[in-house]
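Engineer: compute the structure for the input listed below.
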Amino acid sequence: MRTTYLVCYYIANDKRLRRVFQVCKNFGEHLQFSVFECDLTSQEKLELERALGELIKNDEDQVIFVTLGPAEGRGDRVITSLGLPYTKLDAPCFVF
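Structural biologist: Sure thing, here's the model as predicted:
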């Protein structure tokens, strides 16, 4: 069974930030800057946590997993925003 997670991160170093972005890109959909939506099995979540754990510095960086519930049967995905409208990021994202 797949569970949907929001994966949000703050990475203090640009080189680590680029690497974390690439890892997250392999596991989910890029929503905004340092936010991904990931539909993961429990094994995939462990793989993502392991990969990120090898990249980040625990005393400088932070990765947050927000559980949104089962991926199946949730109905349509609805994203609303305040301020600038949400737009799906189809273009490549460049992290400097």
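Engineer: and the helix ranked longest in the chain, which residues are buried?
Structural biologist: Assignment by DSSP state H gives helix 42-55 as the longest helix of the chain. Residues of helix 42-55 classed as buried by neighbour count (16 or more other CB atoms under 10 Å): 44, 45, 48, 51, 52, 55. For every residue, glycine as well, the C-beta is placed using N, CA and C.
Engineer: for the residue nearest in space to the middle of the chain, pull up the helix or strand it's in.
Structural biologist: The residue lying closest to the centre of the chain (CA atoms, centre = their mean) is residue 36, at 2.7 Å. If you go by DSSP states H and E, residue 36 is part of strand 35-40.
Engineer: flag the shaky bits of the protein, pLDDT-wise.
Structural biologist: Across the chain, the ranges flagged by pLDDT under 70 are 74-76, 83, 88-96.
Engineer: count of neighbours near residue 58?
Structural biologist: The local packing of residue 58 (other CB atoms under 10 Å) involves 8 other residues.
Engineer: on that earlier part again, now distance to residue 85 too, for the buried residues of helix 42-55, in a markdown table please.
Structural biologist: Formatted as a markdown table, the buried residues of helix 42-55 follow (distance: CB to CB, whole Å):
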| residue | distance to residue 85 |
| --- | --- |
| 44 | 31 |
| 45 | 30 |
| 48 | 29 |
| 51 | 32 |
| 52 | 30 |
| 55 | 32 |
